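*Asks:* fold the following.
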Amino acid sequence: LVVKITERKIEYLLEFGSSFAYIDEEGNILEISDKPIEGVRKIKGFTTPEDQIQPGNIINEEDLVRIQIFNKILKGASNYSIQDKFTGADISDSSNFIIYCENDKKSISFGDDKMIDTKMLYIKAILDKESGNEGEIFVNMDLNNKNPYFKQKV
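*Replies:* Here you go, the predicted model:
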């Protein structure tokens with residue numbers, strides 16, 4: 001008899017009240033803490049009720065679907081070695097994810113999970129070109145009719 005145990009890994013942080021819930025990429029709530037762990041991506045805009053946020057529970061279905069979309073986005077970013085720039089996301093609008101790049105002082109209006117690879121090409125180019133500039137990257141449009149752009153913060 002061989003038993004293989006795989007420990008769940010903290011992937012995301014949900015902030016609620018003055019506490020933080022840590023979840024894995026499958027939406028399992030692993031622990032609750034009063035302190036954030038440095039380097040864990042923060043998820044905003046989740047809909048799981050606070051009373052359901054308990055270790056051992058799973059986030060609600062709506063949030064789970066959105067976390068899975070964010071996982072796809074991160075996988076697309078890894079193809080261009082920019083996934084580490086993504087420090088969190090606002091998942092409140094599934095048709096327009098907002099991704100945060102706190103270290104670069106930028107946010108990305110990403111849109112939905114269509115054309116991820118093409119969006120990543122644009123995001124990488126804009127991140128390189130606008131290095132040091134604070135602002136917002138927009139790739140949340142029909143890329144066949146409009147070009148993505150960067151709006152510098154004034």
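*Asks:* quick one: list the elements packing against the longest helix anywhere in the chain.
*Replies:* The longest helix of the chain (DSSP state H) is helix 61-78. Counting contacts by 3 or more CB pairs under 8 Å, 6 or more residues apart in numbering; DSSP states H and E, helix 61-78 packs against strand 97-101, helix 116-129. From N, CA and C alone the C-beta is placed, and that goes for glycine too.
*Asks:* can I get those in CSV with mean pLDDT and distance to residue 56?
*Replies:* As requested, those are arranged in CSV below (pLDDT from 0 to 100; distance: least, CB to CB, whole Å):
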stretch, mean pLDDT, distance to residue 56
strand 97-101, 97, 28
helix 116-129, 96, 32
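*Asks:* returning to what we had before: how far does the helix or strand just after the longest helix of the chain sit from the chain's center?
*Replies:* With elements assigned by DSSP states H and E, the helix or strand that comes after helix 61-78 is strand 88-90. Its chain's C-alpha centre and that of strand 88-90 lie 4 Å apart, by CA atoms, centre = their mean, to the nearest Å.
*Asks:* could you give the mean pLDDT of strand 88-90?
*Replies:* For strand 88-90, mean pLDDT rounds to 96.
*Asks:* my guess is residue 103 contacts residue 88. True?
*Replies:* No: look at residue 103 against residue 88 with CB atoms under 8 Å: they stay out of range, at 11.3 Å.
*Asks:* ok, and the closest non-adjacent residue to residue 131?
*Replies:* residue 104 (7.4 Å; CB to CB, 6 or more residues apart in numbering).
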